[in-house]
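1. Got a predicted structure plus its sequence, pasted below:
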Amino acid sequence: EVLQNHVLDAKVFHTEYGTGVAILTGAHRFSLTTNIDDLKLRRMPEVPGLQKPPSCWAVLSQDRVTIVLLAVGQDLYLLDNTSCSVVVSEPRAGEKLCEFNSSIRSPPRQMVCGPTLSLDSAQLLGPAVAMLPPRRKSVPARALLGSQSCRQGGGSRVQRVQVMCLGWGSLSYIFGFFPPPAEASQEIFRIASMAPGALLLEAQKEYEKESQKADEYLREIKDQKLLPEAVSQCIEAAGYEHEPDTQKSLLRAASFGKCFIDKFPPESFVRMCQDLRVLNAIRDYQIGIPLTYTQYKRLTIEVLLDRLVLRRLYPLAIRICEYLRLSEIQGVSRILAHWACYKVQQKDKSDEEVAHAINQKLGDTPGISYSEIAARAYDCGRTELAIKLLEYEPRSGEQVPLLLKMKRSKLALSKAIESGDTDLVYTVVLHLKNELNRGTFFMTLQNQPVALSLYRQFCKHQERETLKDLYNQDDNHQELGNFHVHSSYS
């Protein structure tokens with residue numbers, strides 16, 4: 001069926017068995033496998049009257065059951081192993097998180113499904129489904145994973161919820177939930193909290209008001225000998241806050257408390273300030289990576305930089321490297337190399353302009369390999385650009401192999417001779433010997449005395465008959481006579 005009708009669309013999904021793939025064929029039939037490592041293809045039931053592809057569809061997997069959810073006109077259908085059923089308009093009680101009317105008449109083009117969690121107990125409720133409207137050229141639909149605070153109605157707890165935010169134009173809404181906040185945040189922001197961090201925060205606020213209450217709060221913390229704990233609580237809580245104003249308030253409190261402690265180690269405070277500055281930069285709506293502090297720490301800065309590079313956010317990645325003072329090789333150099341490899345793919349500028357722009361930006365930055373950038377240019381079909389970039393490569397050992405790959409053997413020979421590396425010259429000469437016919441090969445060596453001399457040395461020990469041909473080619477009768485005398489003696 002696939003050979004005859006082709007694959008119109010495919011979805012990759014994850015199950016308890018592994019990674020699965022579902023396909024929609026040209027005959028408007030669905031087939032899927034729940035584990036690509038143990039391939040067992042299963043054809044799903046037909047959708048009655050389906051004459052064209054659905055406007056959107058998604059795969060849901062839960063409790064070892066995999067189903068396909070698709071939209072056809074105004075109807076939603078569920079395909080399981082045995083049947084096709086229409087989805088009822090009202091979901092089961094307690095599972096409907098929100099409903100939003102976008103007032104857009106066009107049918108949705110994309111469906112997003114994922115697990116949802118209870119706000120209070122973090123209990124898995126089931127799959128959540130959201131429809132995205134058609135993409136517009138000016139305002140693309142986006143799905144972002146982020147975090148937001150909300151206060152429970154009638155309660156005293158402030159819950160931190162992880163959200164999935166779907167937006168288009170000026171419209172957006174929130175509908176997914178993750179677990180509650182860190183213990184330090186709960187301790188500080190609980191109503192009427194007497195935790196050390198909460199008291200220190202109040203002391204700092206009163207100090208800014210020039211109130212004597214600041215001294216009272218400080219004395220209460222000092223009497224219990226909990227000032228170091230209060231500072232640590234404020235520093236930790238700042239990491240879990242997403243509002244910069246709240247972060248600053250907590251860090252000001254920590255800085256205020258540190259003034260009254262002898263030899264408080266500053267590393268945790270400085271590190272938190274750095275981490276928050278990075279997090280706030282990537283959480284900006286123009287960047288759109290709303291990581292939590294815990295996610296950021298588990299992800300590591302190296303992986304975050306990789307993600308910024310993949311999104312081509314090179315200036316931000318470089319600023320982060322410089323701000324955190326990462327090593328050149330692990331930081332700025334690596335990012336600039338990625339930028340250069342992307343730059344060579346741009347077809348709207350000449351080879352000369354691109355090579356000059358790359359050299360201007362990279363210069364002699366440590367850890368940069370111009371040969372790798374040249375190899376990327378060659379892979380993109382820009383051979384002349386690759387040759388120009390190799391001119392900036394200081395290591396001949398990196399230049400020569402790529403020139404040979406590009407079939408620029410004569411240029412490779414010149415570079416090898418310039419390097420003074422006899423092994424590199426031998427490599428190119430033997431490559432030329434296999435690539436060219438004998439006459440052309442000898443003529444090429446005639447123009448390179450150093451290479452010719454080295455090849456003669458090679459022939460004396462390895463190919464005596466070839467040495468005779470060389471002497472004949474050069475009309476070198478003296479050496480030819482010596483050759484025959486030596487051969488007769490042998």
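-> Received it, and whenever you're ready, just let me know what you need. The structure displayed is predicted, hence computed values, not measured ones. Numbering: from 1, shown residues only.
2. so what's the residue nearest to residue 227 when sequence neighbours are not counted up against?
-> Leaving aside its sequence neighbours, residue 227 sits nearest to residue 221 (C-beta to C-beta, 6 or more residues apart in numbering; 5.2 Å). Using the backbone N, CA and C atoms, a C-beta is placed for each residue, glycine as well. Applying C-beta atoms under 8 Å, 6 or more residues apart in numbering to residue 221 gives the contacts 196, 199-200, 203, 227, 230, 257.
3. how about a cut-off of 6 Å?
-> By C-beta atoms under 6 Å, 6 or more residues apart in numbering, the contact set of residue 221 is 196, 199, 227, 230.
4. correct me, but residue 230 touches residue 197?
-> Yes: look at residue 230 against residue 197 with C-beta atoms under 6 Å: they come within range, at 5.1 Å.
5. Do me a favour and get the end-to-end distance for stretch 296-304?
-> 8 Å (C-alpha to C-alpha, to the nearest Å).
6. buried stuff in that stretch?
-> 296, 301, 304 (16 or more other C-beta atoms under 10 Å).
7. again, but for stretch 247-261
-> Quick answer for stretch 247-261 (16+ other C-beta under 10 Å): 247, 249-258.
8. ditto for stretch 263-282
-> Buried-residue list, stretch 263-282, by 16+ other C-beta under 10 Å: 264, 269, 272-273, 275-276, 278-279, 281-282.
9. nearest to residue 427, of the buried residues of stretch 296-304?
-> Distance to residue 427 across these (C-beta to C-beta) is lowest for residue 301, with 40.4 Å.
10. Look up the closest residue to that closest one, ignoring the ones flanking it.
-> residue 324 (6.6 Å).
11. Lowest mean pLDDT among the helices and strands of this protein, which one is it?
-> Ranking every helix and strand in the chain by mean pLDDT, DSSP states H and E puts strand 142-151 at the bottom, with a mean of 37.
12. So residue 345 is in contact with residue 380, correct?
-> Yes: with contacts counted by C-beta under 6 Å, residue 345 reaches residue 380, the gap being 5.4 Å.
13. Stretch 76-87 spans what distance, first to last residue?
-> 5 Å.
14. Please list the outside residues in contact with it.
-> Stretch 76-87 has contacts (C-beta under 6 Å, 6+ apart) with 44-45, 47, 67-70, 75.
15. Which element, helix or strand, includes residue 407?
-> Using DSSP states H and E, residue 407 is not contained in any helix or strand.
16. Surely residue 69 is in a strand?
-> Yes: assessed by DSSP: H, G, I helix; E, B strand; the rest coil, residue 69 belongs to a strand.
17. bridging residues for it?
-> residue 58, residue 78 (DSSP bridges).
18. can you check residue 31 too?
-> residue 23, residue 43.
19. Which stretches in the chain count as strands?
-> Ranges of strands in the chain, per DSSP state E, are 7-14, 19-25, 30-33, 42-43, 56-62, 65-72, 75-79, 84-86, 110-117, 124-132, 142-151, 158-168, 171-174.
20. So in the chain, which helix runs the longest?
-> Longest helix of the chain, by residue count under DSSP state H: helix 267-283.
21. and it, what does it pack onto?
-> With contacts taken as 3 or more C-beta pairs under 6 Å, 6 or more residues apart in numbering; DSSP states H and E, helix 267-283 sits against helix 227-239, helix 244-258.
22. If we use 7 Å, what do you get?
-> helix 227-239, helix 244-258, helix 293-299, helix 314-324 (3 or more C-beta pairs under 7 Å, 6 or more residues apart in numbering; DSSP states H and E).
23. excluding its backbone neighbours, what's nearest the residue nearest to the spatial centre of the chain?
-> By C-alpha atoms, centre = their mean, the mean C-alpha position of the chain lies nearest to residue 307, the distance being 2.6 Å. Nearest residue to residue 307, sequence neighbours excluded (C-beta to C-beta, 6+ apart): residue 289, at 6.8 Å.
24. How about residue 255?
-> residue 269 (7.1 Å).
25. that older thread, lowest-confidence entry in the contacts of stretch 76-87?
-> Note: of the contacts of stretch 76-87, the lowest pLDDT belongs to residue 75, at 83.
26. What is the burial count for that residue?
-> 12 (other C-beta atoms under 10 Å).
27. Next: residue 222.
-> 14.
28. wait, what's in contact with it?
-> By C-beta atoms under 7 Å, 6 or more residues apart in numbering, the contact list for residue 222 is empty.
29. rerun at 8 Å
-> With contact set as C-beta under 8 Å, 6+ apart, residue 222 has these partners: residue 260.
30. Surely residue 376 is in contact with residue 344?
-> Yes: between residue 376 and residue 344 there is a contact under C-beta atoms under 8 Å: 5.5 Å.
31. Those two - which one has more neighbours?
-> Neighbours were counted for residue 376 and for residue 344 using other C-beta under 10 Å; residue 344 has more, 24 against 21.
32. List the residue ranges of the stretch 101-250 of the chain that fall below the pLDDT cut-off.
-> 102, 112-181 (pLDDT under 70).
33. quick one, domains of the protein?
-> For the chain, the structural domains run 7-87, 183-264, 415-489, going by the TED database.
34. Endpoint to endpoint, the last one covers what distance?
-> It refers to domain 415-489. One end of domain 415-489 to the other measures 40 Å (C-alpha to C-alpha).
35. and the closest residue to residue 17 other than its chain neighbours, how many residues sit next to it?
-> What sits nearest to residue 17 in space, not counting adjacent residues and going by C-beta to C-beta, 6+ apart, is residue 35, at 4.2 Å. Residues within reach of residue 35, counting by other C-beta under 10 Å, total 14.
36. My guess is residue 35 contacts residue 18. True?
-> Yes: here residue 35 lies in contact with residue 18, judged by C-beta under 8 Å, at a distance of 4.0 Å.
37. Hmm, residue 306 and the residue nearest to residue 307 touching each other?
-> No: Residue 289 is beyond contact range of residue 306, at 11.9 Å (criterion: C-beta under 8 Å).
38. Neighbour count for these two, which is higher?
-> residue 289 (21 against 16).
39. Quick check: phi and psi at the more buried one.
-> Dihedral pair for residue 289: phi -120, psi 80, per degrees, to the nearest 10.
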